[in-house]
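Visitor: what follows is a predicted protein model with its sequence.
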Amino acid sequence: MNSNYVRIFDTTLRDGEQSPGASLTSAEKLEIARQLSKLGVDIIEAGFPAASPDDLEGVKQIAVEVGNPIEPNARVPIIAGLARANKNDIEKCWDAVKHARHPRIHTFLATSDIHLKYKLKMSREQVVERVREMVSYAKTFCDDVEFSPEDAGRSDPEYLLEVLEVAIQAGATTLNIPDTVGYTTPQEFGALIKGLIENTPGADKVIWSVHCHDDLGLATANTLAGVSNGARQVEVTMNGIGERAGNTSLEEVVMAMHTRPALFGLQHGIDTTQISRTSRMVSNFTGIPVQPNKAIVGANAFAHEAGIHQDGMLKNNMTYEIMKPETVGVNASRLVLGKHSGRHALKARFVELGYNLSDDELDQAFARFKELADKKKVITDADLEALVSDEIASLNELFSLDGMQVACGTMGMPTATVRLKDPEGKQHTIAAIGTGPVDATYKAIDAIVNCPNTLLEFNIHAVTEGIDALGQVTVRIQGKDIQPRMDVQRETERTRTFGGYGADTDIIVASAKAYLAALNKLLIATQAQENAMGSEVALMA
Ligand code: KIV
Ligand code: ZN
């Protein structure tokens, strides 16, 4: 491989999924993994298999499907899983990733004194020995082994050299340097990478990688400092999602290298026209909205409102624009289909967009497309994506929306009548009043589903321009009875919140769908929790 090629390691489904509220269903994870592959990422970190049986299953499914594309000339991404430096995690990781044509085990152990003392309660010597043993153990399963010294940004560089040398001797093929708490600055981080590459014995045998967090807003700058100093893999997430302030944004790093080729002189394998679409998918499925002024993928990233800018743009768009919106897939949406388009045309467009729907799924999508085409003259790619996202979001449904009617305005109390189907297919209809139409709808849904929760976030926006646009709603809720989840990487507990997505030309219907999607995820998690407690009681009896 060309020595200036930078591998894009996407960790949206692992580190990104650790964002508060980013709980994804396995269908959503699979769909995101397919899209990441289409985007052209080199490595997909699909999850943390030892975290739970569900996590293992999710990674395995991605390894089986996305790690073995059937198209003859398709690029085959490496499918990686994360594992703590212990035998159980490494075995579980291998169980999940071994199904991919190119599997990778990514194992990590902290190296900063603060982690050694308070988290691991291990000496420096013990850590070195554990790295030797566990990298060698991972190597007995898989040729491709990545090692990360967690909290490298705050570790003693001399000690890091010792640990990394041992990792290379034990067979690591990629060494990833994480700034776990987003503490370093670009100058410092760049110098750290340079020093490690120059001074670790055997450095030329491995790929050097960087993994930055955004606590000081420096993740992209630090990552770019890393590649400027010899790193040839970047660990990133779509939209920069991740716990606390998030991880490095894939789109920012890729577009910086892409827009400034003379400065960086680096290549990558990303199809930049897929960036915008991937960003929308990740935002819809995680329920985490993208801030309007977010670089590259924010709604205002290419909007030029000030009069002076518009005047400049009309004269020559290079006056205020350093990238073309089409380069990242914005405005690439074609006016594709209309009222008279048939099932074949719809199927063909879905295939072009990268969705391989089964006959049943296509039937459902076609019915929804016809419904939408009756309300909206032209249907764009963004509309079709919103429909598919909505269908995928409803795949794991326990309760589904069967009908609803709302009365609101300035006269009388807003009232919603909602009809839901329960998991047995039985219908339930309830009317409720509220402070507004959404409140009334949510109260009616609550009265049927009976799953106590707090609504933490509600966001609404239009998919396309125009008065007849589809409305997209994302919500995030926190269950009252759900226990925190153990974060196996941090060895701390994490409050669990659940996101939901809905799309419809009627924004109250979209709001109901989004809330139901989040409630269904919460119900599934509550059931899993009850089952786990039940089996513990059975074991104790
Ligand atoms: O931030 C971090 O240190 C990580 C490692 C597991 C790579 O996510
Ligand atoms: Zn991380």
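Guide: Ah, there it is. Ligands and ions are numbered 1, 2, ... in the order given.

Visitor: now do whatever residue of the stretch 301-450 of the chain ends up closest to ligand 1, the pLDDT please.
Guide: Nearest residue of the stretch 301-450 of the chain to ligand 1 (Cβ to the nearest ligand atom) works out as V328 at 26.1 Å. In this view, the C-beta of every residue, glycine as well, is placed from N, C-alpha and C. pLDDT, V328: 95.

Visitor: residues touching it, list them.
Guide: E251, M255, T272, T273, I275, S276, I296, V297 (Cβ atoms under 8 Å, 6 or more residues apart in numbering).

Visitor: narrow those to just the buried residues.
Guide: E251, M255, T272, I275, S276, I296, V297 (16 or more other Cβ atoms under 10 Å).

Visitor: I'd guessed the third one sits against E326; true?
Guide: No: applying Cβ atoms under 8 Å as the test, T272 and E326 come out as separate, 9.5 Å apart.

Visitor: where do the helices sit along the stretch 251-400 of the chain?
Guide: Taking DSSP state H, counting those that start in this stretch as the test, the helices found in the stretch 251-400 of the chain are 261-264, 275-286, 307-315, 343-353, 359-375, 381-393.

Visitor: other SSEs contacting the longest one?
Guide: In this case it means helix 359-375. strand 335-338, helix 343-353, strand 378-380, helix 381-393 (3 or more Cβ pairs under 8 Å, 6 or more residues apart in numbering; DSSP states H and E).

Visitor: and these, which one is worst for confidence?
Guide: When I compare the helices and strands packed on helix 359-375, strand 335-338 is least confident, with a mean of 66.

Visitor: give me the beta-bridge partners of T474?
Guide: N459, Y501 (DSSP bridges).

Visitor: coming back round to it: turn the contacts of V328 into a markdown table, columns for pLDDT and distance to ligand 1.
Guide: Putting the contacts of V328 into a markdown table (pLDDT from 0 to 100; distance: Cβ to the nearest ligand atom, whole Å) gives the following:
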| residue | pLDDT | distance to ligand 1 |
| --- | --- | --- |
| E251 | 98 | 19 |
| M255 | 98 | 23 |
| T272 | 98 | 25 |
| T273 | 95 | 29 |
| I275 | 97 | 23 |
| S276 | 93 | 26 |
| I296 | 96 | 22 |
| V297 | 95 | 22 |
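
Visitor: skip ahead from the helix or strand harbouring A46 and say which helix or strand is next.
Guide: Applying DSSP states H and E as the criterion places A46 in strand 43-47. The helix or strand immediately downstream of strand 43-47 is helix 53-65, counting by DSSP H and E.

Visitor: show me what the helix or strand just after that next one packs onto, helices and strands only.
Guide: The helix or strand immediately downstream of helix 53-65 is strand 78-84, counting by DSSP H and E. Strand 78-84 makes packing contacts with strand 43-47, helix 53-65, helix 87-97, strand 103-110 when contacts are defined by 3+ Cβ pairs under 8 Å, 6+ apart.

Visitor: neighbouring contacts of strand 78-84?
Guide: So strand 78-84 is contacted by 9, 14, 42-50, 59, 62-63, 66-67, 89-90, 92-93, 96-97, 100, 102-109, 138, 144, 146, 488-489 (Cβ under 8 Å, 6+ apart).

Visitor: before we move on, what about stretch 356-374?
Guide: 337-339, 341, 343, 346-347, 350, 379, 383-384, 387-388, 390-391, 470, 505.

Visitor: just the buried ones from those, in PyMOL syntax?
Guide: Selection of buried members from the contacts of stretch 356-374 for PyMOL, criterion 16+ other Cβ under 10 Å:
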select buried, resi 337+341+346+347+350+379+383+384+387+388+390+391+470+505
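
Visitor: give me whichever of the helices of the stretch 251-400 of the chain is most buried.
Guide: Among those, the stretch with the highest mean neighbour count (mean count of other Cβ atoms under 10 Å) is helix 275-286, at a mean of 24.

Visitor: now it: how far from the chain's centre is it?
Guide: 8 Å (Cα atoms, centre = their mean, to the nearest Å).

Visitor: who are the packing partners of that helix?
Guide: Against helix 275-286 (3+ Cβ pairs under 8 Å, 6+ apart) you get helix 26-39, helix 250-259, helix 381-393, strand 471-479, strand 498-504.
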